[in-house]
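Undergrad: okay, sequence plus prediction incoming.
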Amino acid sequence: MRIFSIIVCVFLLSAICMAEETEYFDWKGSKLYSSGNYTGAMAYFNKAISQDQNYIDSWIHKGNAQRALKDYNESIASYNAVLQIDSKNAAAWSGIADAYTAMKDYANASAAAAKATEIDNSKGNWLREGNLLQEQEKYQDATTKYDAAIALDPKYREALYKKGVSLMVMSNFAEAQNQFNQAAESDPKMKQAYVAKGVALEASGRYVEAQQAFEKALEIDPSYSLALVNKMQLLLFMKKQNEAMKIFPNVF
C-alpha cells in the first residue's frame, strides 16, 4: 500500500511539473511573439502543444503567430483545433474571421465573425461584422450590425462613422450627415467625420456647408490630404479657381 501511494505521488508530481512546463513554454512563446519574433514564438507554442494537445491557449497563440507570418491557412487549422476542443471559443472564431479577412475572403470571414458575436456580444464584434458586410457591398445589412454596436455604446464613434458611410452609399445623405455629426460629437478630433459630412453635404447640393465641413477637418489637421483634395475640387466646381489653385501646391 505504501509503495502504491508513493507511485501515485510521483505520478501526480510529474503531471504537475508537466503542466507547469507547458505553461512556461506558452509564456516564453508569448514573450517572443510580443517582441515580433513570430518564428521563435511558434517553436515554443509547438512545445507546449506537444506536452498537452488540449492546451487551448497555445493553439490560439500559435494561430496568431501563423497569421502574423501570413500563413493564413495554417492559422485557420490551428483555430479549428481549438474548436474541436471548445466549439464556443470566441477567440478562435475571431482568429478565423481575421485570417479570412486578410485573404479577402469576406464571405467566410463574415460567417466566422457572426459566430464570435454569438458568443461574445461586444461592440467590437458587431463593428467587425458591419465592416465585413460593407466590404461585400451589403450596406443595408451592415447598418443593422452598426446599430447593434451603437445600442451597446451610443457614442461609439467608429460605428457611427461607418454607419454613415453605408447610408451615404445608399444615397441617404440626410441621415448620413446625422451619423457623421454624432461621430464628431463623440470625438471632436475625428477629422474623417468632417470630410465625410462635407461629401454628404456636397452630394445634397449644400456647397457652402460642405466647404465649411472640409475646413473644419483642416482646422484639426492642416495637411490632411483628403480634406484638401475635396475642398479644392469643390472650389473648382463652384468656379472659385483662384482659391482652388492656392490649395494645389499643398496636395501635389
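TA: Received it, and whenever you're ready, just let me know what you need. All figures in this text were calculated on a predicted structure; none of them were measured in a lab.
Undergrad: tell me which element residue 162 falls in.
TA: helix 157-169 (DSSP states H and E).
Undergrad: for that helix, name the packing helices and strands.
TA: Judged by 3 or more CB pairs under 8 Å, 6 or more residues apart in numbering; DSSP states H and E, the packing partners of helix 157-169 are helix 123-135, helix 139-152, helix 173-186, helix 191-203. All C-beta spots, glycine's among them, are computed from the backbone N, C-alpha and C.
Undergrad: including distance to residue 60, could those go into TSV?
TA: Putting those into TSV (distance: least, CB to CB, whole Å) gives the following:
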stretch	distance to residue 60
helix 123-135	16
helix 139-152	24
helix 173-186	32
helix 191-203	33
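Undergrad: make CSV from those helices and add mean neighbour count and distance to residue 115 to it.
TA: Below are these laid out as CSV (neighbours: other CB atoms under 10 Å; distance: least, CB to CB, whole Å):
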stretch, mean neighbour count, distance to residue 115
helix 123-135, 22, 10
helix 139-152, 19, 14
helix 173-186, 20, 28
helix 191-203, 24, 30
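Undergrad: residues touching residue 215, list them.
TA: Residue 215 makes contact with 227, 231 under the criterion CB atoms under 8 Å, 6 or more residues apart in numbering.
Undergrad: need phi/psi at it.
TA: Main-chain dihedrals, residue 215, degrees, to the nearest 10: phi -70, psi -30.
Undergrad: any idea how far it lies from residue 233?
TA: Residue 215 sits 14 Å away from residue 233, going by CB to CB, to the nearest Å.
Undergrad: low-confidence regions, this structure specifically.
TA: For the chain, the stretches flagged by pLDDT under 70 are 1-19.
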